[in-house]
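I would like to see how this sequence folds:
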Amino acid sequence: MVLPGIQALFGFQFIAVFNSGFTLLLSDFNQKLHLSALILTTFSIAFVMTPAAYHRQTGSHKVKEEFLKIASKLLLFGMLPLMMAFCIDVYLIAQIIISNSIALLLASLLTILFIFLWYTLSHSR
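Here you go, the predicted model:
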């Protein structure tokens, strides 16, 4: 369920570089920041896709508890770079549309929201 969202983000991140506005609207630093978001998304894809590749290569016909634990950990690890990539991209887009300080505030608030929903909420049960 997470993978299609990551793939969509990855596609938009890739396409952005080839648009003429990319070099016009983003400074060199912000272009490098976008590259870091692209790399973070790539890390996320690697973590999220690893359980499927591992399962196929081991030829397991049964899902073992150990595999479920590993797969869950990899998914959670993959969510962290995804969160960072989302927030960086939101920051870059908000910086183009609104002021730098509000863009930074918005990205910071989104980071807090992601941390709460993806990590803190599950531990509060």
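
residues in contact with the most centrally placed residue in the chain?
With distances taken as Cα atoms, centre = their mean, Leu82 lies nearest the centre of the chain, 1.5 Å away. Residues counted as contacts of Leu82 (Cβ atoms under 8 Å, 6 or more residues apart in numbering) are Val2, Ile6, Leu9, Leu40, Thr41, Ser44. Where C-beta positions appear, they are placed from N, C-alpha and C, glycine not excepted.

Quick one: mean pLDDT over the helix or strand where it lies.
In the assignment (DSSP states H and E), Leu82 maps to helix 65-97. Confidence for helix 65-97, expressed as mean pLDDT, is 92.

which residues touch the very next helix or strand once past it?
Of the helices and strands lying after helix 65-97 in sequence (DSSP H and E), the nearest is helix 100-115. Residues outside helix 100-115 that contact it (Cβ under 8 Å, 6+ apart): Met83, Met84, Phe86, Cys87, Ile88, Val90, Tyr91, Leu92, Ala94, Gln95.

after helix 100-115 comes which helix or strand?
By DSSP H and E, the next helix or strand past helix 100-115 is helix 121-123.

Counting neighbours, what do you get for Phe114?
18 (other Cβ atoms under 10 Å).

same for the lowest-mean-pLDDT helix or strand in the chain, what does it pack against?
Every helix and strand in the chain was compared by mean pLDDT, DSSP states H and E; the lowest is helix 121-123, with a mean of 80. Contact here means 3 or more Cβ pairs under 8 Å, 6 or more residues apart in numbering; DSSP states H and E; on that basis helix 121-123 packs against no helix or strand.

How far does it sit from its chain's centre?
Here helix 121-123 is found 20 Å from its chain centre; the criterion is Cα atoms, centre = their mean, to the nearest Å.

and if you look at stretch 110-122?
The answer for stretch 110-122 is 14 Å, by Cα atoms, centre = their mean.

Next: stretch 79-89.
Stretch 79-89 has its C-alpha centroid displaced from the chain centroid by 4 Å (Cα atoms, centre = their mean).

Please consider this matter closed, and thank you.
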